[in-house]
Structure formats: C-alpha cells, structure tokens
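Peer 1: quick one, structure for this:
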Amino acid sequence: MEENSIVSFEQKIEKAKELLKELSNPEIPLTKSVEIYKMGLKELEVASKMLENAKIEFETLNKPQS
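Peer 2: Predicted coordinates:
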C-alpha cells in the first residue's frame, strides 16, 4: 500500500471521529444531524474499502508461490 493511501485512510477515520463529535452536540438541528450522519457513513465506507483493498493486497503478496 502506498504511503499516501495510509494517510488517506487515517484521515478518513479522523474525519469520521470529528463528525461523531459534532453529532453529540444536542443543539444542532435534526436536518444538520442527518447531513453529518450521512457524511460520517460515507467517510467510513471509503475507509472500509481502503482497508479491504489493503487486506487483499497483503494476502496476495503473502500467498505461497507454487
């Protein structure tokens, strides 16, 4: 996995944490909460795909050669 991919993964997780922190504010309106929630899900979805791709790459590299 490339170095910038690792940084991007970490940034996605950090952004999701920030969004979760925003959601804990009881004074934000419901529509804003839904918008923040959707953004958080998107960040986590991208991070999950990045993690899955890294797992596949790792397994491919460590596969015994015949």
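
Peer 1: need the helix or strand of this protein with the lowest average pLDDT.
Peer 2: Least confident element among the helices and strands of the chain, by mean pLDDT, DSSP states H and E: helix 3-23 (a mean of 86).

Peer 1: that one packs against which elements?
Peer 2: Applying 3 or more CB pairs under 8 Å, 6 or more residues apart in numbering; DSSP states H and E, we find helix 3-23 packed against helix 30-61. The C-beta positions use only the backbone N, C-alpha and C, and glycine is treated the same way.

Peer 1: what lies in contact with stretch 16-26?
Peer 2: 28, 33, 36, 37, 39, 40, 43, 44, 47 (CB atoms under 8 Å, 6 or more residues apart in numbering).

Peer 1: of these, grab the buried ones for ChimeraX.
Peer 2: Buried subset of the contacts of stretch 16-26, written as a ChimeraX selection, criterion 16 or more other CB atoms under 10 Å:
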select :36,40,43,44,47
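
Peer 1: and the contacts of stretch 16-26 as a markdown table, adding distance to residue 19?
Peer 2: Shown next, in a markdown table, are these (distance: CB to CB, whole Å):
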| residue | distance to residue 19 |
| --- | --- |
| 28 | 11 |
| 33 | 10 |
| 36 | 5 |
| 37 | 8 |
| 39 | 6 |
| 40 | 4 |
| 43 | 7 |
| 44 | 9 |
| 47 | 12 |
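
Peer 1: residue 43 and residue 50: what is the separation?
Peer 2: Distance, residue 43 to residue 50, by CB to CB, to the nearest Å: 11 Å.

Peer 1: which residues do the two both contact?
Peer 2: residue 12.

Peer 1: thinking again about what came up before, so which bits of the least confident helix or strand of the chain are buried?
Peer 2: Those would be 9, 12, 15, 16, 19, for helix 3-23 by 16+ other CB under 10 Å.

Peer 1: could you give the angle of it to helix 30-61?
Peer 2: Interaxial angle of helix 3-23 relative to helix 30-61 (axes from the mean of the first three to the mean of the last three CA atoms, to 10 degrees): 150 degrees.

Peer 1: spatially central residue in the chain, please.
Peer 2: In the chain, the centroid-proximal residue (CA atoms, centre = their mean) is residue 47; its distance is 2.8 Å.
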